[in-house]
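**Q** sequence and predicted model, in that order:
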Amino acid sequence: MVSSVPSRTSQVRAEDALDLESLLLWANENGVGLIGPLDLLQFQGGASNLTYLVTDSVGVSYVLRKPPHGVKAASAHDMGRETRVLSALGPILAPAPDVIAHCENSEVLGTPFYLMEYIQGHILSTSIPAELSANEDAVRSLCESMVDALVQLHQVNVSEAGLADLDRGDGYVSRQISGWSKRYRDSRTEDVPDAEILMSWLEKNQPQDVEHVLIHGDWRFDNLVLDSRGSLIGILDWEMSTIGDPCMDLGAALAYWVQADDDPEYLSVRMQPTDTPGMLTRSEVVERYGVAMGGVVQQSLKEHWDFYEIYGIFRLAVIIQQIWARYQSGATTNPRFSGFGQVVNMLITRAQSRIN
């Protein structure tokens, strides 16, 4: 039997502590029905929003999501957007967890937060359970199901889901390039490259938007919950979801896809088990996804994959740089972030090496 999600939890870091009495009072006032005292564990992994397992005295458990203390509700920390998307997807995309309650009042826990269904299962980190990894066919099947689930998400009818108003219209690709470039410049520290050549290349080589679909924004194995047979039963972390270009979502996802024949430096920062025998290569993922989506999406992937891949690597570098800047300033003391500056340097170098 595959281990359950609590194996990825730990005691709450001091800087991420919550006022459990305030949480219990709010829950009882809002019909959640938790019975105190509450027990709190913190999920490992993730570097943006904080995720906790809240369990009451009779064993009822929910997952609580919130931004770090002191962070304003920018798009990457917008609890309202995340709960809205989850609530809309619940009836039409079975792996999306149900939202239990949402709190916009920052006086309760210091920031807005929400409670959602706790889906018990297994979340892959840097390795696959031995009973699964021994079977390359099973690993390939798991990998293919991940790609197929992304296709399923990108084929959701956003109008029927009630999410069409999230669409800001044409120019998604351009907004992403200008937005991530600004974030990098704003968060840059002296120990990382200026990346101006890279950002200029992205600006000059961007393709037109191909479609407007619901995108996840952080599609990777450690945001998926699997059952004991390796089947997908939950999709987590919708904080960056919006309406946008599906090719950009795929490019962002494959920035995390470190495969077995990559260079040792890239393999050293692997966050997913994508180097396991049986896993698809990046090119095989693009091929499978493109065939399933077809049409203009498939054509744009064929013509512009270099752009989407380089964008994905740069975007990941910016995400890590923003955390590195917070770590250097003392806004967070999580020791997991102590080497993030080196990772940013490696990613920027990797992206620049792919410029034609």
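**A** Arrived safely, thanks for sending.

**Q** how far away is the one residue sitting closest to the centre of the chain from Glu104?
**A** Closest to where the C-alpha atoms of the chain average out (C-alpha atoms, centre = their mean) is Asp218, at 2.8 Å. Using C-beta to C-beta, to the nearest Å, Asp218 is found at 23 Å from Glu104. C-beta coordinates here come from the backbone N, C-alpha and C atoms, glycine included.

**Q** one step back: surely the residue nearest to the centre of the chain and Asp237 touch.
**A** Yes: using C-beta atoms under 8 Å, Asp218 is in contact with Asp237, at 5.4 Å.

**Q** pull the residues that contact stretch 130-137.
**A** Val2, Ser127, Ala138, Val139, Leu142, Gly230, Pro273, Thr276, Pro277, Gly278 (C-beta atoms under 8 Å, 6 or more residues apart in numbering).

**Q** could you rerun that using 6 Å?
**A** Applying C-beta atoms under 6 Å, 6 or more residues apart in numbering, the contact partners of stretch 130-137 are Ala138, Gly230, Thr276, Pro277, Gly278.

**Q** ranges for the strands of the protein?
**A** Assigned by DSSP state E, the strands in the chain fall at 9-10, 39-43, 50-55, 61-66, 99-103, 113-117, 213-215, 224-226, 232-235, 242-244.

**Q** neighbouring strands of the last one in the sheet, and parallel or not?
**A** The pairing partners recorded for strand 242-244 under DSSP bridges are strand 213-215 (antiparallel).

**Q** repeat that for the third one.
**A** Strand 50-55 sits in its sheet next to strand 39-43 (antiparallel), strand 61-66 (antiparallel), going by DSSP bridges.

**Q** now render these as JSON lines, adding mean neighbour count, mean pLDDT and distance to Leu347.
**A** JSON lines is the format used below for the strands paired with strand 50-55 (neighbours: other C-beta atoms under 10 Å; pLDDT from 0 to 100; distance: least, C-beta to C-beta, whole Å):
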{"stretch": "strand 39-43", "mean neighbour count": "17", "mean pLDDT": "93", "distance to Leu347": "24"}
{"stretch": "strand 61-66", "mean neighbour count": "21", "mean pLDDT": "94", "distance to Leu347": "26"}
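
**Q** okay, these in a markdown table with distance to Leu267 next?
**A** Converted to a markdown table, those look like this (distance: least, C-beta to C-beta, whole Å):
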| stretch | distance to Leu267 |
| --- | --- |
| strand 39-43 | 25 |
| strand 61-66 | 31 |
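
**Q** so which of those comes closest to Ala331?
**A** Closest to Ala331 of these, according to C-beta to C-beta: strand 61-66, at 15.6 Å.

**Q** tell me the most buried of the strands of the chain?
**A** strand 213-215 (a mean of 24; mean count of other C-beta atoms under 10 Å).

**Q** distance between it and the chain's centre?
**A** Offset of strand 213-215 from its chain centre (C-alpha atoms, centre = their mean, to the nearest Å): 14 Å.

**Q** other residues contacting it?
**A** Here strand 213-215 has contacts from His154, Val156, Val158, Gly244, Pro246, Asp249, using C-beta under 6 Å, 6+ apart.

**Q** ok, stretch 260-274 next?
**A** So stretch 260-274 is contacted by Leu124, Ser127, Ile128, Arg220, Phe221, Tyr256, Trp257, Val258, Gln259, Asp275, Val343, Met346 (C-beta under 6 Å, 6+ apart).

**Q** count the neighbours of the fifth one for me.
**A** When you say that, I think you mean Phe221. As a burial measure, Phe221 scores 22 neighbours (other C-beta atoms under 10 Å).

**Q** cheers, nothing more for now.
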